[in-house]
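Chemist: sequence and predicted structure are below.
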Amino acid sequence: NAGVTQTPKFQVLKTGQSMTLQCAQDMNHEYMSWYRQDPGMGLRLIHYSVGAGITDQGEVPNGYNVSRSTTEDFPLRLLSAAPSQTSVYFCASSYAAPSEQFFGPGTRLTVL
Amino acid sequence: KNEVEQSPQNLTAQEGEFITINCSYSVGISALHWLQQHPGGGIVSLFMLSSGKKKHGRLIATINIQEKHSSLHITASHPRDSAVYICAPRGGSQGNLIFGKGTKLSVKP
């Protein structure tokens, strides 16, 4: 099993550009989530999904969109990147919400 | 107001020392996770517990739900234990994780 994979590992964007961070898991997990990690702060939940076709907002959803068309994939879209979105982004999955979380390797995003 | 407080924020130890990292939280929870973030950035789950104590190798995690407090202990610490340790209670209506800021541990040989 590859576990949780994220692409790209690094990305530099200009303000106003759009992009999609990819996340995939091969463990047939129902629960998937996106977090951002900023210096001096704990991980913060952006969006999450409890199964295909079901998504919900987390603590910091503004500026981000998600969809969950399959169990395996949970992409995070930035429609118009802003410097405040410079961060490290982690995708995670678990069998169910209250179970062990498996994290992807992260994507380091810089918005100029 | 931080819902999750970890202490200490930074910890330097000599190899072989017994390490304790504390986590206090203010919300009602169903479980609590301890995570380890390696210097390279990867995050792995160490424990998920809702009561009592769990042990895995040299790592021990305890939780007191009534006192809203959890501790992570490392016995016979080793330089490879150097990492950031993150406490993450699971609470709220959806049961999502709430993360502490982490404790940065450095173990010197």
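Modeler: All right, it came through fine.
Chemist: near chain B, which residues of chain A are found?
Modeler: The interface of chain A toward chain B, taken as CB under 8 Å from any CB of the partner chain, is made up of A:33, A:35, A:40-45, A:48, A:56, A:58, A:88, A:90, A:92, A:97-103, A:105-106. For glycine as for every other residue, the C-beta is placed from the backbone atoms N, C-alpha and C.
Chemist: what about stretch A:54-70, start to end distance?
Modeler: Terminal residues of stretch A:54-70 are spaced 10 Å apart (CA to CA, to the nearest Å).
Chemist: sorry, back to before: are any of the residues of chain A next to chain B buried, and if so which?
Modeler: The neighbour count (16 or more other CB atoms under 10 Å in any protein chain shown) marks A:33, A:35, A:42-45, A:48, A:58, A:90, A:92, A:97-99, A:101-103, A:105-106 as buried among these.
Chemist: about what we covered before: now, which of the residues of chain A next to chain B lie within strands?
Modeler: Using DSSP state E, the members of these that fall within strands are A:33, A:35, A:44, A:45, A:48, A:56, A:88, A:90, A:92, A:102, A:103.
Chemist: wait, doesn't the first one sit right on residue A:47?
Modeler: Yes: at 7.2 Å, residue A:33 and residue A:47 qualify as touching, with contact defined as CB atoms under 8 Å.
Chemist: between these two, which contacts overlap?
Modeler: Each of residue A:58 lies in contact with both residue A:33 and residue A:47 under the rule CB atoms under 8 Å, 6 or more residues apart in numbering or on different chains.
Chemist: can you check the pLDDT for the closest residue to residue A:60 other than its chain neighbours?
Modeler: Sequence neighbours aside, residue A:44 is the residue nearest to residue A:60 in space, at 5.0 Å (criterion: CB to CB, 6 or more residues apart in numbering or on different chains). On pLDDT, residue A:44 comes in at 95.
Chemist: quick one: residue A:44 and residue B:52, what's the gap?
Modeler: Relative to residue B:52, residue A:44 is positioned 29 Å away (CB to CB, to the nearest Å).
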